[in-house]
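Engineer: would you be able to build a 3D model of this:
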Amino acid sequence: QVQLVESGGGLVQPGGSLRLSCAGSGFSLDYYDIGWFRQAPGKEREGVSCISSSGGSTSYADSVKGRFTISRDNAKNTVYLQMNNLKPEDTAVYYCATAFGLCVTTTHWGQGTQVTVSS
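Structural biologist: Next comes the predicted model:
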């Protein structure tokens, strides 16, 4: 069964850090760009970051540039999102997705992991 499994979410204070993981199960992530997206309550889902299949290209939303870093370890079939200096406005459910065209087109989605930034 093809699955994407996110993990690493939780409750963190403003200024804190979390690392999210997106693991592929039942298929290889090697051939896919991988994107991280988030959806806060009452808001539309937005793109956060994307990494190409080779890892050679990355992109970030302006709101997270300089704070978040996306990376991948194809040997572990996993993509990571390192989130530093977290802000309350980063609170959302974070999803990863397989994609093409540097995340213009998405295919498979994970179930999401909750990130809450609060004091």
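
Engineer: now do stretch 63-75: everything it contacts.
Structural biologist: Residues from elsewhere that reach stretch 63-75 (Cβ atoms under 8 Å, 6 or more residues apart in numbering): 28-30, 34, 36, 48-51, 55, 58, 60, 78-86, 89-90. The way it works is simple: take the backbone N, C-alpha and C, and place the C-beta from them, glycine included.

Engineer: and the pLDDT for the residue most central in space within the chain?
Structural biologist: Nearest residue to the geometric centre of the chain (Cα atoms, centre = their mean): W36, 2.9 Å. On pLDDT, W36 comes in at 98.

Engineer: ok now do it, which residues does it touch?
Structural biologist: With Cβ under 8 Å, 6+ apart, W36 has these contacts: 20, 22, 47-50, 70, 79, 81, 94-96.

Engineer: which of the residues you listed fall in strands?
Structural biologist: Using DSSP state E, the subset of these located in strands is 20, 22, 47-50, 70, 79, 81, 94-96.

Engineer: run a quick neighbour tally on the closest residue to G35 other than its chain neighbours.
Structural biologist: Among residues not flanking G35 along the chain, C103 sits closest, at 3.8 Å (Cβ to Cβ, 6 or more residues apart in numbering). For C103, the neighbour count with other Cβ atoms under 10 Å is 22.

Engineer: for C103, grab phi and psi.
Structural biologist: Main-chain torsions, C103, degrees, to the nearest 10: phi 80, psi 20.

Engineer: thank you kindly, that will do.
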